[in-house]
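Trainee: Attaching a predicted model along with its sequence, questions to come.
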Amino acid sequence: MILSLVSWKGGCGKTTSSIHFAALLASRGATMLVDEDRSRNASNWAARGAAVLPFKAYPPRALGSEARRHDHIVIDTRGGLEDQDLIDLYDNSDLVVVPAVAESMTLEALVNTANTLRTHGRDLSKLRVLFTMARRPAGKTDKVAEGKAAVSELGIHTLSATVRATEAFKDACDAGRLVRDTRNPVGKLAWMDYERAFKELGL
């Protein structure tokens, strides 16, 4: 299984999602996390948790030597992929997940992604959108529900599961842990969000 995570806007939970999906896949077999992002946030997170996380993070150059030793590969892609890089990634992945927050800039980027794939003759069957940093609706406005509806109109499969906004993720990153293993009481609930998304992906 090759699961790639893509986001053209920072702060959407791409690295956090990569870490937690890698941990969930590791329960099914040997899993490597490939950190292509220039920030190396996933590598740093995994290094802090080397003694407890059930997977290791590798640079892209390690794919050639390490891929055959693993059952699953999670790719935390770099931001701002060129069109051909997106196409290559899409062709070589089993699933491509786009973590998104419910705001106009993110949705505009999703439109561009969908258009790029379609322009190059690809359908969107492998593309999934996961809304992250979700907060309770304020009043009558449910931005996540509105975002899901807008994405569905594009013909992109949107996961029913959402990942809540919580400081527990920052705690997990700082400690090199999974969110379920933080002292924050919301951490276990946030972990369950990823479990639901993982199940919905059919992994």
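Mentor: Now that the structure is in, tell me what you want to look at.

Trainee: from here on, contacts and neighbour counts on C-alpha atoms
Mentor: Noted.

Trainee: which other residues reach the helix-or-strand element of the chain with minimal mean pLDDT?
Mentor: Of all helical and strand segments in the chain, the minimum by mean pLDDT, DSSP states H and E falls on helix 104-119, at a mean of 85. Contacting residues not belonging to helix 104-119 are listed as 8-9, 83, 86-87, 100, 123-124, 147, 150-151, 154, 156 [CA atoms under 8 Å, 6 or more residues apart in numbering].

Trainee: Could you single out the nearest of those to Met32?
Mentor: Among these, Leu86 lies closest to Met32 (CA to CA), at 20.6 Å.

Trainee: Mind pulling up the pLDDT for that closest one?
Mentor: At Leu86, the model reports a pLDDT of 95.

Trainee: ok, now which ones touch it?
Mentor: Counting by CA under 8 Å, 6+ apart, Leu86 makes contact with Leu117.

Trainee: How much space separates Ile80 from Met105?
Mentor: If you look again at residue 80, you'll see it is Gly, not Ile. 14 Å (CA to CA, to the nearest Å).

Trainee: Need the residues touching each of the two.
Mentor: With CA under 8 Å, 6+ apart as the test, Gly80 and Met105 both reach Lys9.

Trainee: okay, Gly139: pLDDT?
Mentor: In this prediction, Gly139 carries a pLDDT score of 64.

Trainee: Need the nearest residue in space to Leu124, chain neighbours excluded.
Mentor: Nearest non-adjacent residue to Leu124, counting by CA to CA, 6 or more residues apart in numbering: Ile156, 6.4 Å away.

Trainee: Which parts of the protein are strands?
Mentor: Along the chain, counting by DSSP state E, strands occupy 2-5, 31-35, 56-58, 72-76, 95-100, 127-134, 157-164.

Trainee: Output these as TSV; include the columns distance to Gly187.
Mentor: Output for these, formatted as TSV (distance: least, CA to CA, whole Å):
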stretch	distance to Gly187
strand 2-5	22
strand 31-35	22
strand 56-58	22
strand 72-76	22
strand 95-100	19
strand 127-134	13
strand 157-164	10
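
Trainee: How far does stretch 159-176 sit from its chain's centre?
Mentor: Chain-centre distance of stretch 159-176: 12 Å, with CA atoms, centre = their mean, to the nearest Å.

Trainee: can you tell me how far Arg28 sits from Pro185?
Mentor: The gap separating Arg28 from Pro185 is 27 Å, by CA to CA.

Trainee: which one of the contacts of helix 104-119 has the most neighbours?
Mentor: Ala100 (31 neighbours; other CA atoms under 10 Å).

Trainee: Can you check what pLDDT the model gives the residue nearest to Arg196 when sequence neighbours are not counted?
Mentor: Nearest non-adjacent residue to Arg196, counting by CA to CA, 6+ apart: Ala161, 6.0 Å away. In this model, Ala161 is scored at 96, pLDDT.

Trainee: Could you pull up the contacting residues of Ala161?
Mentor: Neighbours of Ala161 in contact, by CA under 8 Å, 6+ apart: 130-131, 193-194, 196-197, 200.

Trainee: what about the closest residue to Val6 other than its chain neighbours, how many neighbours?
Mentor: Sequence neighbours aside, Val98 is the residue nearest to Val6 in space, at 5.1 Å (criterion: CA to CA, 6+ apart). Neighbours of Val98 under the rule other CA under 10 Å: 25.
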